[in-house]
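> Next comes the sequence, and after it the predicted model I'd like to discuss.
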Amino acid sequence: NAGVTQTPKFQVLKTGQSMTLQCAQDMNHNSMYWYRQDPGMGLRLIYYSASEGTTDKGEVPNGYNVSRLNKREFSLRLESAAPSQTSVYFCASSPREGGSGNTIYFGEGSWLTVV
Amino acid sequence: GDSVTQMEGPVTLSEEAFLTINCTYTATGYPSLFWYVQYPGEGLQLLLKATKADDKGSNKGFEATYRKETTSFHLEKGSVQVSDSAVYFCALINQAGTALIFGKGTTLSVSS
């Protein structure tokens, strides 16, 4: 089972460059998420999409844009990368928005370094 | 707002020792609670969950009980193995029901 697939797994960017992290899920889930993980900070929500065609800001959206291309795909774009965006990025999906017992499934992560 | 507080690590144990990782939460209402595990170089995997007060989640020898009176969801295992070495995250569904709110994670290191 593929589950949640992210690309690329590793990327090094120069300050000011742009890039897009791709995410796709094959579980027919409605909701998708982008988190970033930093040492000692746990995971923080960047953006989420409750359904195809909708996106909302999370805890740390500044410097990022997202696109819910279709039900399967949810991309994260850095328009002008900054060293503060060096992090591990996780895409995730869930069957529905919130609710009791909802379970969120994670991709394997994308390690991004901005120099 | 909603939040999760975990004991800080690292936690270092010998094989077959008893494990407790404390987790407390602040939330409106009765959120669902989760423990996720992250092995080195990998993504997060759901370890167990509980959806209402007094529920006990269990998986792979790990257990956690949803305690409303103490707003806690402590993770326990009676006998840890080297293969349990990982980072453990406590989490809850946020008030809006839109995403997980995570604690900062606790690193567990088990030696033989």
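Great, that's in hand. Bear in mind the structure is a predicted one, so any value in this text is a computation, not a measurement.
> pretty sure residue B:58 is touching residue B:47, no?
No - judged on CB atoms under 8 Å, residue B:58 makes no contact with residue B:47 at a distance of 9.5 Å. For every residue, glycine as well, the C-beta is placed using N, CA and C.
> what residues are up against the residue lying farthest from the centre of chain B?
Relative to the mean C-alpha coordinate of chain B, counting by CA atoms, centre = their mean, the farthest residue is residue B:112 (23.0 Å). By CB atoms under 8 Å, 6 or more residues apart in numbering or on different chains, residue B:112 lies in contact with B:14-15, B:82.
> ok, the host helix or strand of residue B:101: who's next to it in the sheet?
Under the criterion of DSSP states H and E, residue B:101 resides in strand B:100-102. Looking at strand B:100-102 with DSSP bridges, its partner strands are strand B:86-93 (antiparallel).
> which residues make contact with the partner strand from outside it?
Applying CB under 8 Å, 6+ apart, the contact partners of strand B:86-93 are A:42-43, A:98-99, A:102, B:2, B:4, B:6, B:21, B:23, B:25, B:27, B:31-40, B:44, B:47, B:73, B:75, B:99-103, B:105-108.
> Recalculate using a threshold of 6 Å.
Residues outside strand B:86-93 that contact it (CB atoms under 6 Å, 6 or more residues apart in numbering or on different chains) are A:98, B:4, B:6, B:21, B:23, B:25, B:27, B:31-39, B:100-103, B:105-107.
> now do stretch A:45-56
The contact list for stretch A:45-56, computed with CB under 6 Å, 6+ apart, reads A:30-36, A:58-61, A:64, A:66, A:68, A:71, A:74, A:97, B:98-99.
> now it, how far from the centre of its chain.
Relative to its chain's centre, stretch A:45-56 lies at 10 Å (CA atoms, centre = their mean, to the nearest Å).
> quick one: terminal-to-terminal distance for it?
10 Å (CA to CA, to the nearest Å).
> in that stretch, what's buried?
Across stretch A:45-56, burial judged by 16 or more other CB atoms under 10 Å in any protein chain shown covers A:45-50, A:55.
> how about the strands of chain B, start to end?
Taking DSSP state E to define them, one finds strands in chain B at B:3-6, B:11-14, B:19-21, B:23-26, B:33-38, B:44-50, B:56-59, B:62-65, B:75-77, B:86-93, B:100-102, B:106-111.
> Lowest average confidence across those, which one?
Of all those, mean pLDDT reaches its minimum on strand B:100-102 (a mean of 88).
> outside of that one, which residues touch it?
Under the contact criterion CB under 6 Å, 6+ apart, strand B:100-102 has outside partners A:42-43, A:104, B:2, B:4, B:89, B:91-92, B:94.
> Could you do stretch A:68-86 as well?
Contact with stretch A:68-86 is made by A:13, A:16-24, A:32, A:34, A:49, A:52, A:55, A:64-67, A:113-114, as judged by CB under 6 Å, 6+ apart.
> So among the residues you listed, which ones count as buried?
Among the contacts of stretch A:68-86, the ones that count as buried by 16+ other CB under 10 Å are A:13, A:19, A:21, A:23-24, A:32, A:34, A:49, A:55, A:64, A:66, A:114.
> Put together JSON lines for these, with pLDDT and secondary structure on each row.
Output for the buried ones among the contacts of stretch A:68-86, formatted as JSON lines (pLDDT from 0 to 100; DSSP: H, G, I helix; E, B strand; the rest coil):
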{"residue": "A:13", "pLDDT": "97", "secondary structure": "strand"}
{"residue": "A:19", "pLDDT": "97", "secondary structure": "strand"}
{"residue": "A:21", "pLDDT": "98", "secondary structure": "strand"}
{"residue": "A:23", "pLDDT": "97", "secondary structure": "strand"}
{"residue": "A:24", "pLDDT": "97", "secondary structure": "strand"}
{"residue": "A:32", "pLDDT": "92", "secondary structure": "strand"}
{"residue": "A:34", "pLDDT": "96", "secondary structure": "strand"}
{"residue": "A:49", "pLDDT": "93", "secondary structure": "strand"}
{"residue": "A:55", "pLDDT": "95", "secondary structure": "coil"}
{"residue": "A:64", "pLDDT": "98", "secondary structure": "strand"}
{"residue": "A:66", "pLDDT": "98", "secondary structure": "strand"}
{"residue": "A:114", "pLDDT": "97", "secondary structure": "strand"}
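> Much appreciated, bye for now.
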